[in-house]
Each structure stands twice: as C-alpha cells, then as structure tokens.
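predicted model, plus sequence, below.
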Amino acid sequence: MREPAAPTILSRLMVVNSLLRRITIRSKITDAAFAASAAPPALKDGMSVSVHDDGLVALDPQSGIVFSANRIGALIWTQLAQRISLDAIASEISRAYRIDRAIAVEDICRFLTDLQRRGLLQAATKR
C-alpha cells in the first residue's frame with residue numbers, strides 16, 4: 001500500500017492563503033463595526049477599581065465579582081471610563097504596543113465581550 005504523498009509547498013501555500021483571506025475579511029468587518037460605533041460602552045457604576053503597573057483589579061460590590069486585567073485591559077478600561085471612542089482606543093493600543101490595528105480591535109472586542117459576560121458594562125440606554 002502506498003503512503004499518501006506529503007503536502008506540496010503549493011498546497012500548503014493555498015491553505016495559508018485561504019486562512020489569510022478569512023482573517024482579512026473578518027478584520028474588515030470588525031473594523032467597520034468599530035468605526036460605526038458612535039460611543040463606547042459604559043462601565044457599570046459603583047465599581048471599585050485599582051490600576052497598577054501590571055494592570056488593574058476591579059470589584060463590583062453589588063455582585064461581589066472581582067475582575068483583573070493585564071496592562072492592555074487596564075488601558076482599555078481607563079479609556080472607556082473617560083468615554084474615549086473604541087476607534088481611538090484601538091489606535092492607541094496599536095501605536096503603544098506596536099501591533100497591527102486589526103489585532104488591537106480583536107483584543108478590544110474580546111475584552112468587551114468578557115466585561116459584558118460578567119455584567120460589568122452598563123445596559124445600553126436609548127437616545
């Protein structure tokens with residue numbers, strides 16, 4: 001019985017190209033949603049927050065939830081507290097940490113999803 005042929009360089013490049021195309025499309029969608037967001041989400045009122053060199057620790061006294069984040073999480077948190085736009089936060093993270101803006105956007109989306117899941121964002125108010 002013959003062993004299957006090892007993947008050729010061309011077949012590997014085709015797989016990588018396909019993955020990169022998906023990532024590019026996803027980051028364009030995420031970026032467009034970011035640019036369209038008029039105002040950043042609001043952090044829950046009444047939180048006790050301690051920002052330090054390595055990140056932050058926040059306590060929600062109502063629920064007893066203790067939340068900690070690294071430096072990038074602390075930067076996102078403090079800028080959200082100042083009502084800075086998500087677009088500006090992504091640009092700041094990209095510049096400060098010398099990472100691609102699309103990666104910064106994904107990091108912010110993950111962070112916000114985690115805050116939402118833990119109930120640490122205000123409910124959206126209708127305008």
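Arrived safely. Here the structure is a predicted model, which is why all the values come from computation and not from measurement.

how about the helices in this protein?
9-36, 71-81, 86-97, 101-117 (DSSP state H).

where does the prediction get shaky in the protein?
1-39, 123-127 (pLDDT under 70).

recalculate using a threshold of 50.
Applying pLDDT under 50 to the chain flags residues 23-29, 126-127.

for Leu121, which residues are in contact?
Residues counted as contacts of Leu121 (C-beta atoms under 8 Å, 6 or more residues apart in numbering) are 41-44, 112, 115. Where you see a C-beta, it was placed from the backbone N, CA and C, and this is true even at glycine.

try 10 Å this time
By C-beta atoms under 10 Å, 6 or more residues apart in numbering, Leu121 lies in contact with 40-44, 80, 112-115.

filter the residues you listed down to the buried ones.
Among the contacts of Leu121, the ones that count as buried by 16 or more other C-beta atoms under 10 Å are 40-41, 43-44, 80, 112, 115.

which pair of those spans the longest distance?
Within the buried ones among the contacts of Leu121, Pro40 and Lys44 form the most distant pair, 13.6 Å apart (C-beta to C-beta).

reformat the buried ones among the contacts of Leu121 as JSON lines; add distance to Ala104.
Output for these, formatted as JSON lines (distance: C-beta to C-beta, whole Å):
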{"residue": "Pro40", "distance to Ala104": "14"}
{"residue": "Pro41", "distance to Ala104": "17"}
{"residue": "Leu43", "distance to Ala104": "19"}
{"residue": "Lys44", "distance to Ala104": "24"}
{"residue": "Leu80", "distance to Ala104": "14"}
{"residue": "Leu112", "distance to Ala104": "13"}
{"residue": "Leu115", "distance to Ala104": "16"}
